[in-house]
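>>> return a 3D structure for these sequence lines:
(chains A and B, ligands or ions: 2)
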Amino acid sequence: MVEKLSKLNFNKLVEGYKDDFKMYQVLDEKGKVVDDKTMKEFTDEELVDLMEDIVWGRALDERTIILNRQGALANYATAGGQEASQFGTLKGLEKGDFLVPGYRDIGVSIKHGLPMEQAFMWYRGHVGGNKYDKDFQMMVPQVVVAGGITHAMGVAFAKKRRNEENVVLAFTGDSATSEGDFYEGINFAGAFGVPLIVVVQNNGYGISVPVHEQTAAETLAQKGVAAGVASIQVDGMDPVATYAATRKAREYALKENKPVLIETMTYRFGPHTMSDDPKKYRTEEELNEWKKKDPIVRLRAYLTEKGLWEESREEEIKKEVTKEAQQAIEKMNQEPDMKIVDLLENMYEVKPQNIQEQIEKYKAKEQK
Amino acid sequence: MANLTFAGAITDGLKNALNKFDDTMIFGQDVGPNGGVFRITDGLQDEFGDKRVFDTPLAESGILGMTLGLGHEGFRALPELQFSAFSTEAISPIMGQISRYRYRYGGTRNLPITIRTPFGGGVGTPELHSDSMEGLFGGIPGLRVVVPTNPYDAKGLLLSAIESNDPVIFLEHLKLYRSVKGEVPEEYYTVPLDKAAVVKEGTDVTIVTSGFMVHESMKAADKLEKEGISAEVIDLRTIAPIDMETIRKSVEKTHRAVVVQESQRVAGVGGNLMSEIGERCFMELDAPVSRVTAPDSVYPFVQIENEWLPGPDAIVEKTKETINF
Ligand SMILES: Cc1ncc(C[n+]2csc(CCOP(=O)(O)OP(=O)(O)O)c2C)c(N)n1
Ligand SMILES: [Mg+2]
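Residues are numbered from 1 along each chain as shown, chains lettered A, B, ... in the order given. Ligands and ions are numbered 1, 2, ... in the order given. Predicted coordinates:
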């Protein structure tokens, strides 16, 4: 396609970028269905199941914060508010699909199959948290932001090479999209045509830095365009929209052997981790605006009206979570403390001379 | 047996590996139809198909992040980094992820990958293409770093690296690719990943070195021989781990050691070698351990690189100083 240069208008060009990125929604803030057609794709059972997951996620988040305050865990990246982005998208996966979580996605990793005591051990800083069954379809939580996207792309490449009918889903954040690895990961995924779904949970902040300071791009979804990757923006507080979008993305990724980028517009109600005070970088009003969009509130409204949900169920789930968490803490506490010898043993399959020497040294020390 | 160049021996090793292990894959920039800028993968895509040997987009961090993902899934991924000088683009996957992988999984998983990359200087590359960063890699716990110096070792060490379930960085010296030839068995064989080689026996002084400097040290040893000084030359072969046992035995015999490296004085593994020898062999030494290195500037522009690189004369001079201490 050729165009006359006289038609060039830079201002219009840039303004137009965002036009392709409307935010997909199914249930609005009040729990009103804005997309009947998509809603009909779900059974009542699926929706109740979804509600149970996000209520469970919220309860676990609250519980984990308490456990931290009590000193049982070493830190925690809070996830309250992001349940639709996390548990909603996870719901769109099928058995055998692979998850690459980040440090904020531990609750949702438990739903994917990570034993809760191991999730807690990860936060506690105990390597036992990362010892997985051989065929568990998950990588250990990624801490180097955006690094996981390139790994996820490699796993997706392997799945495709082996003709496995499974996708890889990688979670990442808004600020992570400023990283080179974000671009390299999605660009490789597009170039190689692999079934990778990257979910950018745009919670508005990278620790304290607002997203509009990260980039001049008005949406993060549009960052996928340059890589030729199908990219969408979804209401990340609408659990039905995230569920449906991921389900569709999965189908497309497998059928076409192509990646998808999903930006979910969300918010974390709590601090970045247990060691920061959000009041320093965001206002109470902003938080309250977002609380109106709470995924639990809107799905509760919808399901209650349909006679599918009672709030007492939420109390039950909370109690279950408290119990589960208690048991997990007990299991975690039974795990022996780590030893330097074990760390050294774990470094290599075949131990080099220096490691052997040091193992001997620490063995003598640690046996005392 | 075939008489092969260093480059040819690596290609031969890759072929053996592709035949022996179904889960091997070679990928990187220009490694497909072009056969790599140094022709190491020449003909491999034709022979093994584009599912086993293929080009990637030009992004080093992406290549090595992908390598980790493939390794996680059990593939013996064999990425080629076009020049190790550009591995700085991939320091996060190498140092931040690949080396930490096994430890992070509590020893429950292995990452059976081998990163091949040319290194060193002396071949007149454009600016910023040459460097010796083996000291940087060697200082990363969790990696194995291999530096072959002749065709036989190149193939045998490469096959050991590929066989190994630990991640390996395999450093191929640019100047060796076409300058050395040797007899290489056609069949599959391995050379261990933790044994230095005594490439010349001697009684008066031990020269510990690696990479192209092994060849420069051999030239120096010949000159010294003519002056009545018998030097033992040790080719480290792997710089992570370093085979201190072989070095210790030699120093116990010669009572003197000179460390020779192509990289700068602040870089490389020379400083570490010296202190290890000092710690382990102090009572055996008749002179301080000394070293020959490049000066502490960045790798130079090509017009002056031969003056910058350590050579036989500098090695002879330093060795005599050590002998006459
Ligand atoms: C490469 C890298 N740089 C810096 C950090 C420190 N860090 C941890 S989380 C974070 C903010 C990430 O923000 P975002 O991607 O928006 O994800 P969120 O935490 O909001 O979920 C930073 C800077 C890191 N973990 N990794
Ligand atoms: Mg964020």
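>>> for the rest of this, base every contact and every neighbour count on C-alpha atoms.
Fine.
>>> list the contacts for A:Leu344?
A:355, A:358-359 (C-alpha atoms under 8 Å, 6 or more residues apart in numbering or on different chains).
>>> you'd agree B:Thr209 is up against B:Val260?
Yes. In this structure, B:Thr209 is within contact of B:Val260 by C-alpha atoms under 8 Å, at 5.0 Å.
>>> quickly list what's touching both of the two.
Joint contacts of B:Thr209 and B:Val260 (C-alpha under 8 Å, 6+ apart) are B:Ser217.
>>> quick one: buried ones out of the contacts of A:Leu344?
A:355, A:359 (16 or more other C-alpha atoms under 10 Å in any protein chain shown).
>>> make a markdown table out of the contacts of A:Leu344 and add pLDDT and distance to B:Leu224.
Formatted as a markdown table, the contacts of A:Leu344 follow (pLDDT from 0 to 100; distance: C-alpha to C-alpha, whole Å):
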| residue | pLDDT | distance to B:Leu224 |
| --- | --- | --- |
| A:Ile355 | 97 | 37 |
| A:Gln358 | 97 | 38 |
| A:Ile359 | 97 | 41 |
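>>> which residues of the stretch 201-325 of chain B lie near chain A?
Counting by C-alpha under 8 Å from any C-alpha of the partner chain, the residues of the stretch 201-325 of chain B close to chain A are B:241-243.
>>> could you rerun that using 7 Å?
With C-alpha under 7 Å from any C-alpha of the partner chain as the criterion, the stretch 201-325 of chain B meets chain A at residues B:Pro241.
>>> which parts of the stretch 201-325 of chain B are helices?
Remark: helices assigned in the stretch 201-325 of chain B by DSSP state H, counting those that start in this stretch are B:212-226, B:244-254, B:270-281, B:305-308, B:312-323.
>>> export these to TSV and tack on mean pLDDT and mean neighbour count?
Listed next are those as TSV, based on pLDDT from 0 to 100; neighbours: other C-alpha atoms under 10 Å in any protein chain shown:
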stretch	mean pLDDT	mean neighbour count
helix B:212-226	98	20
helix B:244-254	98	19
helix B:270-281	97	17
helix B:305-308	95	16
helix B:312-323	98	19
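>>> which among these is found nearest to A:Ile262?
With respect to A:Ile262, and counting by C-alpha to C-alpha, the nearest of those is helix B:270-281 at 48.6 Å.
>>> the closest one to helix B:244-254, inter-axis angle?
70 degrees (axes from the mean of the first three to the mean of the last three C-alpha atoms, to 10 degrees).
>>> from the middle of its chain, how far away would helix B:270-281 be?
20 Å (C-alpha atoms, centre = their mean, to the nearest Å).
>>> for the helix or strand hosting B:Ile169, output the C-alpha coordinates as PDB.
In the assignment (DSSP states H and E), B:Ile169 maps to strand B:168-173. Taking Å, rounded to 0.1, in the frame of the first residue of the first chain, the C-alpha atoms of strand B:168-173 are listed here in PDB:
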ATOM      1  CA  VAL B 168      27.300 -25.200  29.900                       C
ATOM      2  CA  ILE B 169      28.900 -22.200  28.200                       C
ATOM      3  CA  PHE B 170      31.100 -23.400  25.400                       C
ATOM      4  CA  LEU B 171      33.600 -20.800  24.400                       C
ATOM      5  CA  GLU B 172      35.200 -21.200  20.900                       C
ATOM      6  CA  HIS B 173      38.200 -19.000  20.400                       C
END
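>>> show me which residues of chain A sit near ligand 1.
Taking C-alpha under 6 Å from any ligand atom as the criterion, chain A approaches ligand 1 at residues A:104, A:143-145, A:173-176, A:203, A:205-207.
>>> which of the residues you listed count as buried?
For the residues of chain A next to ligand 1, buried by 16+ other C-alpha under 10 Å: A:104, A:145, A:173-176, A:203, A:205-206.
>>> farthest pair in those residues?
Most distant of these, by C-alpha to C-alpha, are A:Val145 and A:Asn203, 14.5 Å apart.
>>> okay, now residue 123: neighbour count?
Using chain A. Other residues near A:Tyr123 come to 21 when the count uses other C-alpha atoms under 10 Å in any protein chain shown.
>>> meant chain B actually
Neighbours around B:Val123, by other C-alpha under 10 Å: 13.
>>> got it, and the one 10 residues further on?
Neighbouring residues of B:Met133 were enumerated by other C-alpha under 10 Å; the total is 21.
>>> tell me the pLDDT of it.
We have a pLDDT of 93 for B:Met133.
>>> quick check: closest non-adjacent residue to the residue of the stretch 251-368 of chain A found nearest chain B.
Residue nearest to chain B within the stretch 251-368 of chain A (C-alpha to the nearest C-alpha): A:Asn346, separated by 4.3 Å. Excluding its sequence neighbours, the residue lying closest to A:Asn346 (C-alpha to C-alpha, 6 or more residues apart in numbering or on different chains) is B:Gly107, at 4.3 Å.
>>> where along the stretch 1-150 of chain B do the helices fall?
Taking DSSP H, counting those that start in this stretch as the test, the helices found in the stretch 1-150 of chain B are B:6-20, B:44-48, B:60-72, B:91, B:101-104, B:134-138.
>>> which one of the ones you listed is the most hemmed in?
Across these, averaging neighbours per residue (mean count of other C-alpha atoms under 10 Å in any protein chain shown) puts helix B:60-72 on top, at a mean of 28.
>>> please see if that helix touches chain A.
Yes. For a cut-off given as C-alpha under 7 Å from any C-alpha, helix B:60-72 has contacts with chain A, namely B:61-62, B:65-70.
>>> closest to B:Arg178 out of the contacts of A:Leu344?
Distances from B:Arg178 to those, taken by C-alpha to C-alpha, are shortest for A:Ile355, at 35.9 Å.
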